[in-house]
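*Asks:* predicted coordinates and the sequence they were generated for:
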Amino acid sequence: MIGRLQAPASVRHGEAFEVRVLMQHTMETGFRRDLNGKAIPMNIIDKVTCRFAGIEVFSAELGSGIAANPYLAFFVTADASGELVVEWSDDRGERGRSSAKIEVR
Amino acid sequence: MRLAAAACAALAATVLAADPPRSSPLMAGVEFQSTDVRALQADAFANPGLLWVERGAALWSAARGERAIACAACHGDPTRSMRGVSARYPAYAASLGQVVDLERRINACVTENQRGAPLAMESQEMLALSALVARQSRDMPIAVEIDARSAETYERGRQIYFRRQGQLNLACTQCHDASWGKTLLAERISQGHPADWPAYRLEWQSIGSLGRRLRACYFGVRAEMPAYGSSDMVALELYLARRASGLVSDAPGVRR
């Protein structure tokens, strides 16, 4: 799954910085029917987690009320340099991953 | 010889005479959108259309077709080779002997050069590739040439634009020349300039081609919708692009 991740390449010690995530997903609600009247099964990104240097710093559970191609923005602080990893998975078990290296000055 | 020259002059005169009436000031479609939507389109990270551009970049370097060559094998880096291309489309394609839009031109490359199965119009792959190519003309003015080979198509597009259609019996010009800026349901009527297509429409929750947007207009006036890539659709796209000459290209756009 295609996703985009934006985070500053370098931050100051303890400073809050913004992380932005954009994921490509249809976020199928399960309430729609196709042209033949057959129900389209629900398929949404149900879990998004963000780890920094191996420690979980943010997670979200999205519901069927979230529009397609979800966009999330949140703030994180860092004490030491490391890799920021955002992972998500949908109801069909498909996974997406995006990462960025962040240097703490 | 003199006769031919006279014919050419006459043709040039008709082309010039038929140059579209233009609204003043000339405004891009996004200028009729709310500040939120405009901010989303201008955001180089959060604009959701960029997901398709990214996907297009992956497809660009993936081998395709019987000959198993990628777009990149011939065209190299799209940021250089495709710079300004979409600002010239629709355009006459000598290999196809007709005026074609960007999607049809991409498909010609897929079927003839890569020997692959044609991409379905409005498929995710086609939208990704056309969004990638259109993105490369960002900040360049739309500059569609009308010459002897495209004059006939242009003229047909002009006629479609001014022809009343559908059960509502409306012509494009009645909204987009005579009533732009007024409110229709919850929307402001734009001048109908396709400066930033394919665009992500929040209502669609997806990116879509200009053809899809035009079909929505046809649906709105309860007229029979032209097929994607049909001669009528391309003719209208050509007329609209000429009408938008000078506006800055900014694909992928965002619409409500």
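*Replies:* That came in fine, so what should we check first?
*Asks:* which one is residue 92 nearest to, not counting chain neighbours?
*Replies:* Since no chain was named, I'll use chain A. residue A:43 (5.6 Å; Cβ to Cβ, 6 or more residues apart in numbering or on different chains). Using the backbone N, CA and C atoms, a C-beta is placed for each residue, glycine as well.
*Asks:* actually it's chain B I care about, not the one you picked
*Replies:* Counting by Cβ to Cβ, 6+ apart, the residue nearest residue B:92 is residue B:149, at 4.3 Å.
*Asks:* number of nearby residues for the one you found?
*Replies:* Residue B:149 is flanked by 15 other residues according to other Cβ atoms under 10 Å in any protein chain shown.
*Asks:* and it, which of the three is it?
*Replies:* Here residue B:149 is recorded as coil under DSSP: H, G, I helix; E, B strand; the rest coil.
*Asks:* contacting residues around the residue nearest to residue A:92?
*Replies:* A:26-28, A:30, A:90-92 (Cβ atoms under 8 Å, 6 or more residues apart in numbering or on different chains).
*Asks:* if I pick the residue of the stretch 101-250 of chain B found nearest chain A, what's in contact with it?
*Replies:* Chain A sits closest to residue B:205 of the stretch 101-250 of chain B, with a gap of 3.7 Å, by Cβ to the nearest Cβ. Residues in contact with residue B:205 (Cβ under 8 Å, 6+ apart) are A:26-27, A:67-69.
*Asks:* distance of it relative to residue A:66?
*Replies:* Plainly put, residue B:205 is 11 Å away from residue A:66 if you go by Cβ to Cβ, to the nearest Å.
*Asks:* can you check residue B:64 too?
*Replies:* Residue B:64 is 33 Å from residue A:66, by Cβ to Cβ.
*Asks:* restricted to helices, list the contacts of residue A:43.
*Replies:* Applying DSSP state H to the contacts of residue A:43, no entry is found in helices.
*Asks:* from the residues you listed, which would you call buried?
*Replies:* Using 16 or more other Cβ atoms under 10 Å in any protein chain shown as the burial test, the contacts of residue A:43 include A:27-28, A:90 as buried.
*Asks:* rewinding a little: between residue B:64 and residue A:66, who's got more neighbours?
*Replies:* Counted by other Cβ under 10 Å, residue B:64 and residue A:66 do not tie: residue B:64 has more neighbours, with 21 against 16.
*Asks:* if we can go back for a sec, overlap in contacts, residue B:205 and residue A:66.
*Replies:* With Cβ under 8 Å, 6+ apart as the test, residue B:205 and residue A:66 both reach residue A:27.
*Asks:* which positions within stretch B:121-137 qualify as buried?
*Replies:* Under 16+ other Cβ under 10 Å, the buried positions of stretch B:121-137 are B:121-122, B:124-137.
*Asks:* one more: stretch B:89-108?
*Replies:* B:89-93, B:98-107.
*Asks:* with stretch B:244-253 instead?
*Replies:* B:244-245, B:247, B:249-253.
*Asks:* what's the closest of those residues to residue A:102?
*Replies:* Closest approach to residue A:102 among the buried residues of stretch B:244-253 (Cβ to Cβ): residue B:252, at 28.5 Å.
*Asks:* now that closest one, nearest residue through space, not along the chain?
*Replies:* residue B:49 (2.7 Å).
*Asks:* surely the one you found is in contact with residue B:255?
*Replies:* No: using Cβ atoms under 8 Å, residue B:49 makes no contact with residue B:255, being 10.1 Å away.
*Asks:* hang on, the earlier thing: for chain A, tell me which of the buried residues of stretch B:121-137 show up nearby.
*Replies:* Near chain A, judged by Cβ under 8 Å from any Cβ of the partner chain, there are no entries from these.
*Asks:* in helices, which of those residues appear?
*Replies:* Using DSSP H, the buried residues of stretch B:121-137 in helices are B:124-135.
*Asks:* make CSV out of these and add pLDDT and distance to residue B:185.
*Replies:* Converted to CSV, these look like this (pLDDT from 0 to 100; distance: Cβ to Cβ, whole Å):
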residue, pLDDT, distance to residue B:185
B:124, 94, 29
B:125, 95, 33
B:126, 96, 30
B:127, 96, 26
B:128, 96, 31
B:129, 96, 33
B:130, 96, 29
B:131, 96, 28
B:132, 97, 33
B:133, 96, 33
B:134, 96, 28
B:135, 96, 30
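*Asks:* what parts of the stretch 1-150 of chain B come near chain A?
*Replies:* B:45-46, B:48, B:50-52, B:54-55, B:58.
*Asks:* write the ChimeraX selection for whichever of these are buried.
*Replies:* A single ChimeraX command selects the buried members of those (16+ other Cβ under 10 Å):
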select /B:46,48,50,51,52,54,55
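*Asks:* look up how far residue B:178 lies from the nearest residue to residue B:176 once chain neighbours are set aside.
*Replies:* Distances taken as Cβ to Cβ, 6+ apart put residue B:192 closest to residue B:176, at 3.5 Å, once the chain neighbours are dropped. Counting by Cβ to Cβ, the separation of residue B:192 from residue B:178 is 11 Å.
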